[in-house]
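1. the following comprises the amino acid sequence and a computationally predicted model.
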Amino acid sequence: VERRAGPTFALARPPGHHAPRSQGMGFCLINHCAVAARYALKYCEGVERVAIFDWDVHHGNGVESLFRREPNVCYASIHQANAFPFSGEASDRGMLKNLLNVPVAEGSDWAVYEDKVDNAVMPFLSEFNPDLVIISAGYDALDDDEMAGCALQPADYGKLMDKFVAAFGSDKIVLGLEGGYNLEVTPKAVEATLAKL
């Protein structure tokens, strides 16, 4: 978070976005992006509003629970519907309207993701006008990942990053690795992401 120049990608394991305040969940022990958001708000000069975007195929229920009542943080998640942890309904916007859940059907590919990002995620995050954008960068929405049933290709993550860099500038973006369990395609997707930073 305290980068001196340019974007940051934390290649951390295990992932963290399912972990609530006082316990682990799923494969997650420490909620890295939540820690980063809290740290940035408290210690980073000029950071008063943090947006978190979660593109992991599973809903980041831990992140959402930690920031549901935090007006200086907004959380948006695009995730497979009816998949672990079986949360993240589109109707759940939070009391402060700082949550956006975008469930997609099993088999969703880039055309579906692009439509949802352009017409739901980007307007929501842009209206929030964040000083810092944290991306929970999970790669288990890849077609070859066995943990769920979406159909993204590695190059699609580069397209996602293009949109975020165009909207917010690379200096405002911090990424943290979440899911992604196919050892052949996950590195290609991470590389496609980094190439756009």
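-> Received it, and whenever you're ready, just let me know what you need. Residues are numbered from 1 along each chain as shown.
2. for the chain, just list every one of the strands.
-> For the chain, applying DSSP state E gives strands covering 8-10, 50-54, 73-80, 99-104, 132-137, 173-177.
3. could you dump those strands to CSV with distance to Ser65?
-> (Each C-beta comes from the backbone N, C-alpha and C, glycine too.) Output for these, formatted as CSV (distance: least, CB to CB, whole Å):
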stretch, distance to Ser65
strand 8-10, 21
strand 50-54, 12
strand 73-80, 10
strand 99-104, 10
strand 132-137, 14
strand 173-177, 17
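4. a markdown table please, covering the ones you listed and showing mean neighbour count.
-> Output for the strands of the chain, formatted as a markdown table (neighbours: other CB atoms under 10 Å):
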| stretch | mean neighbour count |
| --- | --- |
| strand 8-10 | 16 |
| strand 50-54 | 27 |
| strand 73-80 | 26 |
| strand 99-104 | 20 |
| strand 132-137 | 25 |
| strand 173-177 | 23 |
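5. would you mind giving those strands as a markdown table with mean pLDDT and distance to Arg21 added?
-> Output for the strands of the chain, formatted as a markdown table (pLDDT from 0 to 100; distance: least, CB to CB, whole Å):
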| stretch | mean pLDDT | distance to Arg21 |
| --- | --- | --- |
| strand 8-10 | 87 | 20 |
| strand 50-54 | 97 | 16 |
| strand 73-80 | 97 | 14 |
| strand 99-104 | 98 | 17 |
| strand 132-137 | 95 | 17 |
| strand 173-177 | 93 | 18 |
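6. looking at the ones you listed, spot the one closest to Gly149.
-> strand 73-80 (6.3 Å; CB to CB).
7. so which of the strands of the chain comes closest to Asp144?
-> Using CB to CB, these put strand 73-80 closest to Asp144, at 15.0 Å.
8. ok, the closest one: who's next to it in the sheet?
-> Looking at strand 73-80 with DSSP bridges, its partner strands are strand 50-54 (parallel), strand 99-104 (parallel).
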